[in-house]
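*Asks:* Got a sequence here, can you build the structure:
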Amino acid sequence: MTRRAPTGAALLQPAVTKAITESVLAEWAENGYARLSMEAVAKRAGVGKSALYRRWPSKQEMAMSVIADFSVTRAATPDTGSLRGDLREALDSLHAWLTDEHFARILPDLVAETARNPELGEFVKDMIGTPRREHSAAMLHRAAERGELAPDADLELVQDLIASPLYWRLSVRGAAAEPDYLDKLTDLILRSISTIHSGPRGSEPPTATGSA
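*Replies:* The predicted structure is shown next:
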């Protein structure tokens, strides 16, 4: 799916755009994607349907564009000078994203919809998953440059390891993250990724400085 950029008229009304996007998230969270309609969004936002159509040609583009903007703008881009500091901030950001009052209800519905609709699945991958992973990859590349991560580390696996425990706890189990949970998770991930590299099995992992 190709995202349609807003027209010039839409860009001149940021307050209207904000009201619409907030209404999309609220309607989706309350009623699910199947029952989401442009009519309901327009009514909640207090605008005419034409205001929506100036931005998006369909419900699908509207919903996916809003959720992509919401998700990508909340991806952390920490650069604290240490992998631990960056990782801790990244987990804070991930926690805030997954526990947002609307997104926490939208995410299960979105996962179900992408299973039924391959086009939505590709959109979520291209417009949400890939950009968010690019942020975390940049964080890991900086860590490798500082000698905190093996230069041959499997970054795909490392990124999965960073995101999966918190997603599983919050979104799948429905459990809360206790006050010290993110600190413990940060330490656990740091210990785990120190052993992840793409060398042959049985080879010695690189030293902390990245040398052989």
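*Asks:* going forward, measure contacts between C-alpha atoms and count neighbours the same way
*Replies:* Fine.
*Asks:* Report the helix or strand with the lowest average pLDDT across the chain.
*Replies:* The helix or strand with the lowest mean pLDDT-type score in the chain, counting by mean pLDDT, DSSP states H and E, is helix 8-11 (a mean of 46).
*Asks:* quick check: domain ranges of the chain?
*Replies:* 8-62, 74-193 (automatic domain parsing).
*Asks:* and of these, who's closest to Ala68?
*Replies:* domain 74-193 (5.4 Å; Cα to Cα).
*Asks:* rewinding a little: would you mind giving the domains of the chain as CSV with mean neighbour count added?
*Replies:* Shown next, in CSV, are the domains of the chain (neighbours: other Cα atoms under 10 Å):
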stretch, mean neighbour count
domain 8-62, 17
domain 74-193, 16
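*Asks:* Kindly reformat the ones you listed as JSON lines containing distance to Ala68.
*Replies:* What follows is the domains of the chain, written out as JSON lines (distance: least, Cα to Cα, whole Å):
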{"stretch": "domain 8-62", "distance to Ala68": "10"}
{"stretch": "domain 74-193", "distance to Ala68": "5"}
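*Asks:* Contact partners for Ser171?
*Replies:* Ser171 sits next to Leu98, Ala104, Pro108 when contact means Cα atoms under 8 Å, 6 or more residues apart in numbering.
*Asks:* who are the neighbours in contact with the residue nearest to the second one when sequence neighbours are not counted?
*Replies:* Pointing back at Ala104 there. Excluding its sequence neighbours, the residue lying closest to Ala104 (Cα to Cα, 6 or more residues apart in numbering) is Leu98, at 5.5 Å. Taking Cα under 8 Å, 6+ apart as the criterion, Leu98 is in contact with Ala104, Tyr167, Leu170, Ser171.
*Asks:* and Leu98, what element?
*Replies:* Element membership for Leu98 (DSSP states H and E) is helix 83-99.
*Asks:* mean confidence score for that helix?
*Replies:* Across helix 83-99, the average pLDDT comes to 96.
*Asks:* for that helix, the distance to its chain's centre please.
*Replies:* 11 Å (Cα atoms, centre = their mean, to the nearest Å).
*Asks:* Does anything pack onto whichever strand or helix holds Lys18? Which helices or strands?
*Replies:* Secondary structure assignment for Lys18, by DSSP H and E: helix 14-31. For helix 14-31, the packing partners by 3 or more Cα pairs under 8 Å, 6 or more residues apart in numbering; DSSP states H and E come out as helix 38-45, helix 59-72, helix 103-116.
*Asks:* Tell me the helix or strand right after the first one.
*Replies:* It refers to helix 38-45. Immediately after helix 38-45, counting by DSSP H and E, sits helix 49-53.
*Asks:* Now that following helix: average pLDDT?
*Replies:* 94.
*Asks:* Output the below-cut-off pLDDT ranges for the chain.
*Replies:* 1-12, 197-212 (pLDDT under 70).
*Asks:* Would you mind listing the residues in contact with the closest residue in space to Trp56 that isn't next to it in sequence?
*Replies:* In space, and not counting its chain neighbours, Trp56 is closest to Met62: 5.4 Å by Cα to Cα, 6+ apart. Met62 is in contact with Leu52, Arg55, Trp56, counting by Cα under 8 Å, 6+ apart.
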